[in-house]
Structures are given as C-alpha cells and as structure tokens.
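Student: how would this look folded up:
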Amino acid sequence: MEFGENSQRIRRSYPELPRRASRSRKPRSNLKKPRLPPAVTTESATLHFPLGLLRYSLLIGGLVRRVETVLAGSQQGDCAEIDSRNNINVEINVERQLPMTLAQAYGPDKFGLSFELFPPKTEKGMSALFRHVSRLAKFQPDYITCTYGAGGSTQDRTLEVIAGVLERHNLPVATHLTCVGRTPDELKDYLSRAEKLGIHNVVALRGDPPKGETEFRPVEGGFSYANELVAFIRSEFADMGIAVGGYPETHQEAPNAEADIENLKRKVDAGADLVVTQLFYDNREFFDFRERCQVAGIKVPIVPGLLPVTNGAQVQRIASLCGAKLPDQFVSDLQKHEGDVSGQFEVGVEYATKQTADLIEAGIAGIHYYVLNKSEAIERVLGVVSLPR
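Tutor: Sure, this is the predicted structure:
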C-alpha cells in the first residue's frame, strides 16, 4: 500500500483521527544517521608518573580517560612539582565521556525513534526475539527498552535482553524498573548490575499490584510512588537517563485528569528526562494530554507510545487493562475479519500507519513503539511513513 495514494480513503474510514495542519518536512536522506556523540564533562585529577614523554590511558568503570603531555627537563610549571623519587605530580583537567542518555534522542533537529521489548520466558523465545531485533535495528532506533516483570520476577532476563541488544547492535538501551516488591537496597543493587553491563538509562514506574491484589502496597521501607523512585535513582545514579510513564486517557487509579497531571509533574520535577505515554488509539487523547502537560509547566519531551494491532482479541485485552479506548470504526473493521489473522493484521497496520502519520504532522518529539517482540507490523508502518529524521 502506498500511503499517499490511500490517505483520503483511510481518513474517511477513521474520522476519529483528526486532520492536522501539514508541516514542511526535511527530504529523506539516504545517508546513514550518525550516532549521537556522548556527552563530555571535565574533572580535575592529579597524576603521578616518571618524568618524560607519556601517553596515559586509564580505564575506570568502563570509561576511558586519556592524557597526553610532554614534560621537558626538570623544570616545574604552575601545575607540576617533582617529588623526592623524581616523579612529577601534575594536576590536570581530564575529559570524561558519558554514555548517551534518553533525553539526547530528542530536540529541535532530532526525532526520537524507540522500541519496547519484553523478556521471553524460554531460550527459543530469546532466539526469536533477537532475530526480530535485527530486523528492527535497520530503522536505526535511538534506543530500545525492555520491561521488568511483576515484582522484578524477570529482572535477570531483562538484563540479558538489553545487554544482548547492546552487544549485538551497539544501540543505547534502557531497563524498566518498578517499586513492586523491592527495597531501596535491592533497587540500587539492580541498577549497579545494569550499569556494569553498560546500561545507563531506566524507565521508572511504580508498577502494578501483584497478581491477585487490587491495591498497591510497598514493601517495608520501599517506595509507594514513581516520583520517589525517580528521586532515588537521580540521587544514587546521577548520570542515568530516566523516562517515566504518562497516561493520555488518565491513569485508572487517578481521581481525575488534573490529579493525574499533577502526579506526572512530580515525577518530572524529581528528575525525569522525558515522558513516554501509555498506548492509545485516538490521537485527540494525546493532543489533549500534551496540552495539559504544557499548561502544567512540564517541559520535557512528551513521546507518544503506539501499539500496532496485529490481533483484535489481543489488543482488546491489552486496552482494557490500561483503560485505552478503541474507536468504534476501528473495532468494526477488525470484527469484519474475525477469525482471519491476516485480515486483522492488515487493518491494524493500516490504522497504525495513519495514526503515526497524523502524529508526525502534529509535531511530536518522537515515537515509542510497543512491538510485542515482533517486527512485521513495524516494518510495514515505517516502510510507508517518512520519519522527520
């Protein structure tokens, strides 16, 4: 399907997706998108080494620091002195390269593309996942995230998945992290393990109550709210990138939309770098949500989260769990292909393509796709829509 030739037909089919004023787009380039450079900070350090010509390389915590200097004779400079062992002690400024954080994927001349995975339960599932990730990687995502099971039940698998993505594709990655069933010490231990694996970004969430429970209860000494988790991460791991969740159709536990936005602002004020939204299927919900965020003074990127439909029954279950509404026309079209997997896939891809294009026209910061460990639907959508990158 060529999107340009079918856009009017799609729009007539789905009036729930409002027309937005077109914005001029940069022509698509065939040049490979360069990776974002790491941030650089400067620290003071005192080095001790024999007098003479030196190339000094020091590996600390996976960060390479290099110093190159020529010291002539035994003359002392303003920042150097020679000790009794004929070693020279020099105080210098050292550049330290910091890994890319999530916020660097967005900006005036940047459009962030990201994908979300979940940890498979079997080795067969892991093999299949990495095959799909290889196909997704050709779209050059800015980062890939992986969920974290209830109560941290899949934390080892989560680390295995994202460390595998990092190793195979050299892509920035992020681990999800929740407050469920974990003390601050246990959360710190998990993040330390992640950091040692080269994972420097986290999606911080409160998490849902464990299965069979209807109310969230923190463990003794644990956190009750996501903003507490964000503040903890920022205090213990200051250089980590932090994303938090936002809810265009309002969190199901919030008394109203205003209270929900206030809670989101607390998370941002605690140190979050960006907001990634829950899935939705009516773009007007996102536009209204973004406006409420702006009114509340939330200035970090607001990134829409999309889940392309590949199975009608499955998406209805997922939507009901998170409170997302499915437009009547969309549901009707899916029902016309009940029992027809291929037919429902085509309806879902067509809708996701239209939804993506309308969001881009409205000037979004980026898109986060919930891919459910598959690549086919995303390949179809991104094969048609031109991302402003």
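Student: And the helices in the stretch 101-250 of the chain?
Tutor: For the stretch 101-250 of the chain, applying DSSP state H, counting those that start in this stretch gives helices covering 123-137, 155-169, 184-196, 226-236.
Student: among these, which is nearest V349?
Tutor: helix 123-137 (15.2 Å; CB to CB). The way it works is simple: take the backbone N, C-alpha and C, and place the C-beta from them, glycine included.
Student: Counting by contacts, list what the closest one packs against.
Tutor: Contacts defined by 3 or more CB pairs under 8 Å, 6 or more residues apart in numbering; DSSP states H and E place helix 123-137 against strand 112-117, helix 155-169, helix 376-382.
Student: Wait, G181 touches D208, no?
Tutor: No. If you go by CB atoms under 8 Å, G181 and D208 don't touch, sitting 11.3 Å apart.
Student: So for stretch 187-206, what gets flagged as buried?
Tutor: 187, 190-191, 194-195, 197, 199-206 (16 or more other CB atoms under 10 Å).
Student: cool, and stretch 337-350?
Tutor: 337, 344-350.
Student: Show the residue spans covered by the helices in the stretch 251-389 of the chain.
Tutor: 257-269, 283-295, 312-322, 328-335, 341-361, 376-382.
Student: which stretch in those helices has the least confidence?
Tutor: Across the helices of the stretch 251-389 of the chain, helix 312-322 has the smallest mean pLDDT, namely a mean of 86.
Student: Just the C-alphas of that one, formatted as CSV.
Tutor: Output in CSV follows, covering the C-alpha atoms of helix 312-322 (Å, rounded to 0.1, in the frame of the first residue of the first chain):
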residue,chain,number,x,y,z
GLY,A,312,-8.1,-7.9,17.5
ALA,A,313,-8.8,-10.0,20.6
GLN,A,314,-5.3,-9.4,22.0
VAL,A,315,-5.4,-5.7,21.7
GLN,A,316,-8.9,-5.5,23.3
ARG,A,317,-7.5,-7.3,26.3
ILE,A,318,-4.5,-5.0,26.5
ALA,A,319,-6.6,-1.9,26.0
SER,A,320,-9.0,-2.9,28.7
LEU,A,321,-6.1,-3.4,31.2
CYS,A,322,-4.7,0.1,30.7
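Student: So V268 sits against V244, correct?
Tutor: Yes. Between V268 and V244 a contact is recorded at 7.1 Å, counting by CB under 8 Å.
Student: out of these two, which sits in the more crowded spot?
Tutor: V244 (26 against 22; other CB atoms under 10 Å).
Student: Tell me who's in contact with the more buried one.
Tutor: 203-205, 226, 230, 264, 267-268, 272, 274-276 (CB atoms under 8 Å, 6 or more residues apart in numbering).
Student: try H251
Tutor: 260, 263, 323.
Student: okay, it: pLDDT?
Tutor: Here the pLDDT value assigned to H251 is 93.
Student: Can you list the buried residues in stretch 164-171?
Tutor: 164-166, 169, 171.
Student: repeat for stretch 247-262
Tutor: Those would be 247-251, 257, 260-261, for stretch 247-262 by 16+ other CB under 10 Å.
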